[in-house]
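S.K.: Give the three-dimensional model of this entry:
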Amino acid sequence: QVFPSQDPLDRADFNAVEYINALFPTEQSLANIDEVVNKIRLKIRRLDDNIRTVVRGQTNVGQDGRQALEEAQKAIQQLFGKIKDIKDKAEKSEQMVKEITRDIKQLDHAKRHLTTSITTLNHLHMLAGGVDSLEAMTRRRQYGEVANLLQGVVNVLEHFNKYMGIPQIRQLSERVKAAQNELGQQILADFEEAFPSQGTKRTGGPSNVLRDACLVANVLDPRIKQEIIKKFIKQHLSEYLVLFQENQDVAWLDKIDRRYAWIKRQLVDYEEKYGRMFPAEWCMTERIAVEFCHVTRAELSKIMRTRAKEIEVKLLLFAIQRTTNFEGLLAKRFSGCTLADGTVKKPEVPPPSTNPFLEDETGAETDEIVIEKSDTDKPKKPKAPDNPFHGIVSKCFEPHLYVYIESQDKNLSELIDRFVADFKAQGPPKPNVDEGGAVLPSCADLFVYYKKCMVQCSQLSTGEPMIALTTIFQKYLREYAWKILSGNLPKTTSSSGGLTITSLLKEKEGSEVAKFTLEELCLICSILSTAEYCLATTQQLEEKLKEKVDASLMERINLTGEMDTFSIVISNSIQLLVQDLDAACDPALTAMSKMQWQNVEHVGDQSPYVTSVILHIKQNVPIIRDNLASTRKYFTQFCIKFANSFIPKFINHLFKCKPISMVGAEQLLLDTHSLKMVLLDLPSIGSQVVRKAPASYTKIVVKGMTRAEMILKVVMAPHEPPVVFVDNYIKLLADCSTDTFQKILDMKGLKRSEQSSMLDLFRLRLPAPPPGGDSTGSLSLSAPTPEQESSRIRKLEKLIKKRL
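M.R.: Okay, the predicted model is just below:
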């Protein structure tokens, strides 16, 4: 690695034999052996010289190293001495600097103390003069000058907090506190005189003295300000409590407008008379409105508890509508800054959602509650989504929302009954293969009504009433699923002929088969599409309800049971379609099993029963596919379920074809291949647009029909010698069941004695079970690989072409 070399002699894996063979690859090359030997000897001498030179060069290395070490130690000692000298000089310099600056520090301290003393004396002079002036102005009620002076005195007094131990300073501080207390009591007395609390008639009015007094109150203890605000608002609303007493006619919900009209007039009156008296930062107009809301909520709660039996849903919604309108008006007029006490929390704005259920929701949610059959109500402007006053009054209606919930329960019950009646009157939807299966219009009507109720209820409350409404939704989703969807699915028994699907198995070839009509097929597809729409929309409804309800109640909203109900309707619809097509093919399969296959003399075109099966498939499948165009995945499920039902039934009828001659088996093999091709093309049969069948469906068809083909190939194989026949059966079918082998022997028409010996040989030839495996596992063999199946299919096609 240190001295890279291309010389083979330097390689770690040097091989002398290979090296010599490289030098003398042929016998003729041995003629140069003397020259090669001389070159090697020369190289050896050079290597010896190099080694000798290196060894001699290392003789004095030890002595040179010790000398270099001693020199390094001496250099270190000299360096250490120089560092020590520098350190000593630095310490001497530092000491010299301290001596020079000592006098400067003393002068700095003296200057600082002198400045502090002068400043303190100035503050003391200002404080003493200010206290005297404050006491004199207080006696003369000069509130305008007092406001500015008091703030300055309080600020100056803060500088003397650390000097309170001095008697004179403490005395000045007590005089300031006494002046503040006197000012507070004096201002309260002035307001009491201007706005007496007794009586409803306000004799006083705004004045410059009271306006200046409010400025002083800003500087005093906050309790003084709160007391002024409280007394003024109480006196301002005293008339309201008298006018709208519980025993007054205007106090009931039908005249709730008058309450809000009164406060609007009072706020306008306040702005005109007292707007300039109180400082703007007091927000007196908003405080009056908020106190009015609290009083109104308490009064409405009390009167509704007393007259609960008189509350009707229209009256309740009318009162809620007017109240929410008023709350929206407050949000436009005020900022909600006085609500910081936590009485009403500001709602959070939900993040935007991509939920399809939110279509046109912005307009729906912000629309005011509109009472049905009311022509006098005009649409209002949308309320702000972040209204801080939301619920400040309307919260009182929440305990009585059970009236609204009961009304929705009744309305939904009538709606479901109307859906049932309309369906019976109008009948099933008309076939329309051009547009695909139509969703029942009643489904859209139901969810539109649900959406309206949800938005309306969320405006009223996001608490327990939303949970109660969700329960009502669940109830009528189930009723819709059973009464409208499942209740209108065609029955599998024909009412006119009394035939059942099971009886169709006994029909003779050529007889009429009781099938669903075109209208019934379209109805099943329409119900399936409707159930799929309901399933998706119910999931979106659940998500939207969780967004509307309080976070603490989200876990109580669960529509999984209703979604499962619609899934059951979908499954039943698909099963009906499969049963109908399956039953239509049963007579043809019965005819196949009753044919005398031992008498078939030549292989021709496909048999009549295959033509019959293909005819039924071509009649039903295009109709179902076109009507399920909007729900493609359920059409795929239909195809898969039909294949899983038809193929095992076909194989069972195949076992009933006994005995079978060689020619008969070849004919059956041709028929099986024809059916396989039709089944593989089933998803796009009769369609102008050819689509590749889903891989899951193709796998089922190939696996099932290949098994049928292998059964017939085993039947076609000679049974002599028996060992070869048994091994061929195990290899082709990969089925170690004795029952299946017994059926194969019956199809070949062997005698019982021959079958007995064959069965014994079959049991002996079964592969040994894997170690540790159970008994059931030993009866299964590995299925043929796709390559094997493809090879067998090609051989089968060649055989069919040869026979044709």
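S.K.: so where do the helices sit in the stretch 401-550 of the chain?
M.R.: All helices of the stretch 401-550 of the chain, identified by DSSP state H, counting those that start in this stretch, fall at 402-426, 441-460, 464-479, 518-548.
S.K.: Would you mind confirming that residue 390 makes contact with residue 326?
M.R.: No: Residue 390 sits out of contact with residue 326 when judged by C-beta atoms under 8 Å, with a separation of 11.2 Å. C-beta coordinates here come from the backbone N, C-alpha and C atoms, glycine included.
S.K.: Against which helices or strands is the strand or helix carrying residue 124 packed?
M.R.: In this assignment (DSSP states H and E), residue 124 forms part of helix 61-139. On a contact count with 3 or more C-beta pairs under 8 Å, 6 or more residues apart in numbering; DSSP states H and E, helix 61-139 meets helix 143-158, helix 167-194.
S.K.: Considering those, which stretch scores lowest in mean pLDDT?
M.R.: Between those, the lowest average pLDDT goes to helix 143-158, which shows a mean of 64.
S.K.: now the residue nearest in space to the middle of the chain: how far from residue 536?
M.R.: Taking C-alpha atoms, centre = their mean, the centroid of the chain lies closest to residue 543, which sits 8.0 Å from it. Counting by C-beta to C-beta, to the nearest Å, the gap from residue 543 to residue 536 is 11 Å.
S.K.: Then residue 444?
M.R.: Distance of residue 444 to residue 536, computed by C-beta to C-beta: 13 Å.
S.K.: repeat for residue 302
M.R.: From residue 302 to residue 536 the distance is 47 Å (C-beta to C-beta).
S.K.: now swap in residue 42 and tell me
M.R.: Taking C-beta to C-beta, one finds residue 42 at 94 Å from residue 536.
S.K.: can you check residue 516 too?
M.R.: 26 Å.
S.K.: Have a look at those two and say which one is more surrounded.
M.R.: residue 516 (23 against 14; other C-beta atoms under 10 Å).
S.K.: Apart from its chain neighbours, what residue comes closest to the more buried one?
M.R.: residue 580 (4.8 Å; C-beta to C-beta, 6 or more residues apart in numbering).
S.K.: avg pLDDT for the helix or strand hosting that neighbour?
M.R.: Under the criterion DSSP H and E, the helix or strand holding residue 580 is helix 560-594. Averaging pLDDT along helix 560-594 gives 92.
S.K.: Counting by contacts, list what it packs against.
M.R.: Judged by 3+ C-beta pairs under 8 Å, 6+ apart, helix 560-594 is in contact with helix 464-479, helix 518-548, helix 608-627, helix 632-655.
S.K.: by how many degrees do it and helix 632-655 diverge?
M.R.: Relative orientation of helix 560-594 and helix 632-655, computed by axes from the mean of the first three to the mean of the last three C-alpha atoms, to 10 degrees: 30 degrees.
S.K.: ok, and for helix 560-594, which residues are buried?
M.R.: 562-563, 565-566, 569-570, 572-592 (16 or more other C-beta atoms under 10 Å).
S.K.: Figure out how far the helix or strand hosting residue 328 is from the centre of its chain.
M.R.: Per DSSP H and E, residue 328 falls inside helix 313-333. Remark: helix 313-333 is offset 34 Å from the chain centroid, using C-alpha atoms, centre = their mean, to the nearest Å.
S.K.: ok, and for it, which residues are buried?
M.R.: By neighbour count on 16+ other C-beta under 10 Å, the buried set for helix 313-333 is 313, 315-331.
S.K.: pLDDT (mean, whole number) over stretch 517-537?
M.R.: Here the average pLDDT along stretch 517-537 is 90.
S.K.: quick one: that stretch to chain centroid distance?
M.R.: With C-alpha atoms, centre = their mean, you get 27 Å for stretch 517-537.
S.K.: Tell me the buried residues in it?
M.R.: 520-535, 537.
S.K.: same check, this time on stretch 549-561
M.R.: Buried positions in stretch 549-561, judged by neighbour count with 16+ other C-beta under 10 Å: 549, 553, 557, 559.
S.K.: Over to stretch 407-423?
M.R.: Under the neighbour-count criterion of 16+ other C-beta under 10 Å, stretch 407-423 has 407-409, 411-412, 415-416, 419-420, 423 buried.
S.K.: one step back: by how many degrees do the helix holding residue 124 and helix 167-194 diverge?
M.R.: Relative orientation of helix 61-139 versus helix 167-194 (the same axes, to 10 degrees): 50 degrees.
S.K.: so how far is residue 657 from the residue nearest to residue 700 when sequence neighbours are not counted?
M.R.: Counting by C-beta to C-beta, 6+ apart, residue 643 is the residue found nearest to residue 700 once chain neighbours are left out, at 5.0 Å. As judged by C-beta to C-beta, residue 643 and residue 657 stand 21 Å apart.
S.K.: quick revisit: rebuild the buried residues of stretch 407-423 as CSV, extending it with pLDDT.
M.R.: Listed next are the buried residues of stretch 407-423 as CSV, based on pLDDT from 0 to 100:
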residue, pLDDT
407, 86
408, 87
409, 89
411, 89
412, 91
415, 91
416, 90
419, 89
420, 89
423, 85
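S.K.: Save those residues as a markdown table, and put in distance to residue 113 too.
M.R.: Shown next, in a markdown table, are the buried residues of stretch 407-423 (distance: C-beta to C-beta, whole Å):
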| residue | distance to residue 113 |
| --- | --- |
| 407 | 84 |
| 408 | 82 |
| 409 | 86 |
| 411 | 87 |
| 412 | 87 |
| 415 | 91 |
| 416 | 93 |
| 419 | 95 |
| 420 | 99 |
| 423 | 101 |
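S.K.: Now residue 735, what are its backbone angles?
M.R.: With angles defined as degrees, to the nearest 10, residue 735 sits at phi -130, psi 120.
S.K.: Report the beta-bridge partners for it.
M.R.: Counting by DSSP bridges, residue 735 forms beta bridges with residue 780.
S.K.: Just give the number of residues close to it.
M.R.: Residue 735, neighbours per other C-beta under 10 Å, totals 20.
S.K.: what does residue 482 give?
M.R.: Neighbours of residue 482 (other C-beta under 10 Å): 13.
S.K.: mind listing what it touches?
M.R.: residue 565 (C-beta atoms under 8 Å, 6 or more residues apart in numbering).
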